[in-house]
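Q: my questions concern the predicted model and sequence given below.
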Amino acid sequence: MAKTDQYIAFEKQVTAQNYAPLPVVLTKGEGVYVWDVEERCYTDMMSAYSAVSHGHCHPRLLRVLQEQASQLCITSRAFYSDTLAPFLDKLCQVSKMDMALPMNTGAEAVETAIKAARLWGYKHKNIEHGKAEIIVASNNFHGRTTTIVSFSSQEEYKHDFAPLSTGFVSIEFGDAKALEEAITENTCAFLVEPMQGEGGIIIPPAGWLKEVQQICQRHNVLLILDEVQTGLGRTGKMFAFEHEIDAPDGLVVGKALGGGVYPVSAFLGKKEVMELFTPGSHGSTFGGNPLAAAIGLEALKIIEEEGLAFLSRQQGNYLMDKLNAIDSPMIKEVRGKGLWIGVVIDKQLANAHDICLAMMQKGVLAKETHGNVIRFAPPLTITPEQLDSVLFVFKEVLSEIQGGRSDQEVSI
Ligand SMILES: Cc1ncc(COP(=O)(O)O)c(C=O)c1O
C-alpha cells in the first residue's frame with residue numbers, strides 16, 4: 001500500500017467524515033507550494049479557503065511565532081497582556097473601525113457580531129426584548145455553529161441539526177430593494193458577505209453595497225459585513241467593502257488574519273456598538289491570546305509592507321484575462337475579484353470535482369465549491385509565471401476531458 005493510501009485509510013478510521021478531501025496527503029509547505037508524503041510538489045490554488053494569503057510558512061511569521069511562543073503564549077483575558085492592544089490598534093487602523101473583540105475562528109467572530117447586533121438593538125434602538133431581527137442574504141456562508149446554520153439556505157447544513165435558532169430574515173443576495181422591504185421596527189442589523197465565497201464566488205451588482213449602506217443608515221440598522229474570506233487583500237483591496245463604501249458599522253475578520261499559521265479572528269465595530277459589551281457578556285479563553293496577537297499584528301504588517309492587496313489585484317486581473325481567453329465549451333462563466341476567481345463548469349459537459357482530481361494528478365490543488373464552481377484562490381504572493389504553469393495544467397485537463405483523453409487541444 002502506498003504511503004498516501006495508508007494515511008488516508010488511517011484518517012478515515014479515526015476522523016469523523018465531515019469533509020470530502022482530495023486524495024492527497026500533505027506534509028510540507030513553502031510559499032505557494034505544498035508537498036505530499038510521496039514528495040510530489042503542488043501549487044496551492046486553494047490556500048486553505050483563503051487563510052494562507054501570505055503563502056505557506058512565511059519566514060517573518062515563523063520568526064514571530066517562535067519568538068512569542070518562547071516568551072508568553074496564553075494568558076486568557078483574566079489579565080492584560082502587552083501584545084493585544086498593539087494588534088487591535090493596527091487592525092482598527094486598517095479597517096477604519098473604532099474597537100475590536102478578538103476571537104479565534106470565523107464562526108466565533110460571526111457569533112460575536114450577532115450578539116453585538118442584538119445587544120445594540122436592545123440597548124441603543126430600544127427594540128422590545130426578545131424581538132430583535134437580523135436580516136441575512138440567501139446563499140450565505142457564515143460558518144457552522146447551530147445559530148449560524150439556522151439562517152443558511154442550504155438544507156444539508158441545517159436539517160438534521162434542528163431545533164434551529166430564530167430571529168433571522170433572509171432576502172435575495174444583491175437585491176437592495178428587498179432589504180428595504182424586509183426592514184421592520186425590530187431589525188437591528190443586516191449581516192452579509194460583501195461578495196459570497198462558499199456560495200460560489202458571487203459578485204453582487206455594482207452599486208449594491210453603496211445602496212445597502214444608504215438604506216441601513218436611513219432606517220437606523222447596522223450594516224455588518226462578514227469579510228472572513230474576502231478581507232485582508234483577497235479581492236484586490238484591503239477589504240472588499242472598499243470597492244464601494246468607506247466603512248461599515250461592524251466587520252468580521254478571520255482566516256488570513258492568522259497569517260496561515262494560527263487561528264485568529266475578530267469582530268470590529270463602531271464605538272457605540274462595542275462599548276455595550278460588559279464583563280461577562282461575551283468571552284473566549286483563547287481569543288486575543290499573546291501568541292495570536294503577535295501573529296495577527298505581523299500578518300497585518302506583512303500585508304501592508306508586501307503590498308498583498310495590490311498584488312492580488314494585479315495578478316487577479318492577469319489570471320482573469322487568461323481564464324476568459326480559454327475557449328472551452330465546458331466553461332460557462334469566469335467571475336471574481338482579485339485573486340479570488342470562480343470558474344463555472346457546465347454540469348452537462350463535465351464534473352468540477354473530476355477536473356480538480358485531474359489537476360491534482362498534474363500538480364495543482366484546487367477545489368470545487370457549490371458543485372460546479374472551481375475556485376482559484378492561491379496565496380497572494382503567487383507570480384505570473386506560477387499562474388502560467390497552473391493555467392497550462394488547467395487547459396491540458398480541459399482538453400483531455402473534452403477529447404475523451406485524445407490529444408485534442410483546447411484553443412486559446
Ligand atoms: C464568509 C465566511 N464567514 C465565516 C466563515 C467561517 O470561518 P471558520 O471556518 O474559521 O469558522 C467562513 C469560512 O469559510 C467564511 O467564508
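A: Great, that's in hand.

Q: roughly how far does the residue in the chain positioned nearest to the ligand sit from residue 51?
A: Nearest residue of the chain to the ligand, counting by CB to the nearest ligand atom: residue 106, 2.2 Å away. C-beta coordinates here come from the backbone N, C-alpha and C atoms, glycine included. Noted for residue 106: a distance of 9 Å to residue 51, by CB to CB, to the nearest Å.

Q: now do the residue of the chain closest to the ligand, the pLDDT please.
A: pLDDT, residue 106: 98.

Q: what of residue 69?
A: Here, the pLDDT recorded for residue 69 equals 98.

Q: which strand or helix spans it?
A: Assigned by DSSP states H and E, residue 69 belongs to helix 59-71.

Q: other residues contacting that helix?
A: Helix 59-71 has contacts (CB atoms under 8 Å, 6 or more residues apart in numbering) with 54, 83, 259-262, 290-291, 294-295, 297-299, 302.

Q: overlap in contacts, residue 106 and residue 51.
A: Counting by CB under 8 Å, 6+ apart, the shared contacts of residue 106 and residue 51 are 254, 255.

Q: re the thing from before, hang on, the residue of the chain closest to the ligand packs against residue 252?
A: Yes: at 7.1 Å, residue 106 and residue 252 qualify as touching, with contact defined as CB atoms under 8 Å.

Q: what sits in contact with each of these two?
A: Overlap of the contact sets of residue 106 and residue 252 (by CB under 8 Å, 6+ apart) consists of 226, 228, 265.

Q: and the worst-scoring helix or strand of the chain on mean pLDDT, what does it pack onto?
A: Averaged element by element with mean pLDDT, DSSP states H and E, the chain has its least confident helix or strand at strand 367-369 (a mean of 91). Packing contacts for strand 367-369, counted by 3 or more CB pairs under 8 Å, 6 or more residues apart in numbering; DSSP states H and E, involve helix 352-361, strand 373-376.

Q: and among those, the most buried is which?
A: strand 373-376 (a mean of 24; mean count of other CB atoms under 10 Å).

Q: what packs against that strand?
A: Under the contact rule (3+ CB pairs under 8 Å, 6+ apart), strand 373-376 is packed against strand 341-345, helix 352-361, strand 367-369.

Q: is it possible to get TSV of the ones you listed that adds distance to the ligand?
A: TSV is the format used below for the helices and strands packed on strand 373-376 (distance: least, CB to the nearest ligand atom, whole Å):
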stretch	distance to the ligand
strand 341-345	13
helix 352-361	18
strand 367-369	10
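
Q: show me where this structure has its helices.
A: Remark: helices assigned in the chain by DSSP state H are 3-14, 47-50, 59-71, 84-95, 106-123, 146-150, 155-158, 176-182, 208-218, 271-274, 290-305, 308-324, 352-361, 384-402.

Q: could you dump those helices to a markdown table with distance to residue 34?
A: Formatted as a markdown table, the helices of the chain follow (distance: least, CB to CB, whole Å):
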| stretch | distance to residue 34 |
| --- | --- |
| helix 3-14 | 14 |
| helix 47-50 | 10 |
| helix 59-71 | 16 |
| helix 84-95 | 28 |
| helix 106-123 | 22 |
| helix 146-150 | 29 |
| helix 155-158 | 28 |
| helix 176-182 | 41 |
| helix 208-218 | 34 |
| helix 271-274 | 38 |
| helix 290-305 | 19 |
| helix 308-324 | 19 |
| helix 352-361 | 11 |
| helix 384-402 | 13 |
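
Q: who wins for proximity to residue 242 among these?
A: helix 308-324 (8.8 Å; CB to CB).

Q: got the angle between that closest one and helix 84-95?
A: 50 degrees (axes from the mean of the first three to the mean of the last three CA atoms, to 10 degrees).

Q: which residue sits closest to residue 288, ignoring its sequence neighbours?
A: Leaving aside its sequence neighbours, residue 288 sits nearest to residue 102 (CB to CB, 6 or more residues apart in numbering; 3.2 Å).

Q: for that neighbour, name its beta-bridge partners.
A: residue 266 (DSSP bridges).

Q: what sits against it?
A: Residue 102 neighbours (CB under 8 Å, 6+ apart): 84, 87, 88, 264, 265, 266, 284, 287, 288, 292, 293, 296.

Q: neighbour-wise, which one of these leads?
A: Ranked by neighbour count (other CB atoms under 10 Å), the contacts of residue 102 have residue 264 at the top, with 32 neighbours.

Q: I'd say that residue and residue 257 touch.
A: Yes: Residue 264 lies in contact with residue 257 (CB under 8 Å); the separation is 4.6 Å.

Q: shared neighbours of these two, anything?
A: 296, 299.

Q: now for the helices and strands packed on strand 367-369, which one comes closest to residue 244?
A: When the helices and strands packed on strand 367-369 are compared (using CB to CB), the closest one is strand 373-376, at 22.7 Å.

Q: is there proximity between that closest one and the ligand?
A: No: Strand 373-376 stays clear of the ligand (CB under 6 Å from any ligand atom), getting no nearer than 11.1 Å.

Q: still on that earlier bit, distance from the helix holding residue 69 to the middle of the chain?
A: Here helix 59-71 shows a centroid-to-chain-centroid distance of 24 Å under the convention CA atoms, centre = their mean, to the nearest Å.

Q: any buried residues in it, and which?
A: 61, 64, 65, 68 (16 or more other CB atoms under 10 Å).

Q: how about the residues of the stretch 151-300 of the chain by the ligand?
A: 193, 197, 198, 226, 228, 229, 254.

Q: the last one touches residue 106, doesn't it?
A: Pointing back at residue 254 there. Yes: assessed by CB under 8 Å, residue 254 is found in contact with residue 106 at 3.6 Å.

Q: still on that earlier bit, most surrounded residue in the contacts of helix 59-71?
A: In the contacts of helix 59-71, the most neighbours by other CB under 10 Å go to residue 259, 30 neighbours.
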